[in-house]
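A.B. asks: Coordinates only, no sequence provided:
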């Protein structure tokens, strides 16, 4: 597949030459939360055909943004991971997410899919470092069958797929309730009061949760 180019000696244009094709930056988004198998990427990127997915992955490999790896035991299966250069796209992807929450989201369209795993990057995009100064806690989130956790450590956050070993607080919510929560800017406390969500664990960790993450107010 011939790579298109803007033919401009400009850092922005050169970057878009590498990641500006359709689906490419979304592949980077998926890999920012950890290595993924080919099937994992297909499941998260519905509408992306097998052939085009393979071509986009080859492109990322060729340009030094992704590489093939073998997952550790017990999986021991081939997967894809970002290189150092690919990981450095993280702040740009998070900035796009914050901009989109503010200017582009609006109501969900009937044709749009949603994957709870995308919340990992949402947590990183909405994290308020100054609210976590001197604070440490591990939160486990359960959205339907999807489980992930966030480790807060003195103004930093690490969000990963899978359950936490020793969570300080666990929050459970259904997908529809979660989308309502994020769409109208409500709080977990309101969802818990209505019975749409449950929470357990350390009281201080639960009380601090609201201040640790801030959704940008929507604009039009």
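C.D. replies: Structure's in. What do you need? Keep in mind that this is a model prediction, so the values were computed, not measured.
A.B. asks: the strands in this structure, which residues?
C.D. replies: Chain-ordered strands for the chain, with DSSP state E as the definition, fall at 66-70, 78-82, 136-143, 146-153, 156-161, 169-173, 197-201.
A.B. asks: got the contact list for the residue nearest the centre of the chain?
C.D. replies: Taking CA atoms, centre = their mean as the criterion, residue 121 is the residue nearest the geometric centre of the chain, at 2.5 Å. Applying CB atoms under 8 Å, 6 or more residues apart in numbering to residue 121 gives the contacts 29, 32, 33, 93, 94, 97, 159. Any C-beta I mention is one placed from the backbone N, CA and C, and that applies to glycine too.
A.B. asks: With residue 35 instead?
C.D. replies: Taking CB under 8 Å, 6+ apart as the criterion, residue 35 is in contact with 69, 71, 79, 80, 81.
A.B. asks: Now the buried members of these.
C.D. replies: A residue is treated as buried here by neighbour count (16 or more other CB atoms under 10 Å); on that basis the buried members of these are 79, 80.
A.B. asks: thinking again about what came up before, can you say which of the strands of the chain is nearest to residue 187?
C.D. replies: Comparing the strands of the chain against residue 187 with CB to CB, the closest turns out to be strand 197-201 (9.9 Å).
A.B. asks: Let me know whether residue 201 touches residue 166 as I believe.
C.D. replies: No. Using CB atoms under 8 Å, residue 201 is not in contact with residue 166, being 10.4 Å away.
A.B. asks: more crowded one of these two?
C.D. replies: Remark: of residue 201 and residue 166, residue 201 carries more neighbours, 16 against 6, as counted by other CB atoms under 10 Å.
A.B. asks: if we can go back for a sec, reformat the strands of the chain as JSON lines; add mean pLDDT.
C.D. replies: Compiled in JSON lines, these are given as follows (pLDDT from 0 to 100):
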{"stretch": "strand 66-70", "mean pLDDT": "98"}
{"stretch": "strand 78-82", "mean pLDDT": "98"}
{"stretch": "strand 136-143", "mean pLDDT": "97"}
{"stretch": "strand 146-153", "mean pLDDT": "97"}
{"stretch": "strand 156-161", "mean pLDDT": "95"}
{"stretch": "strand 169-173", "mean pLDDT": "96"}
{"stretch": "strand 197-201", "mean pLDDT": "96"}
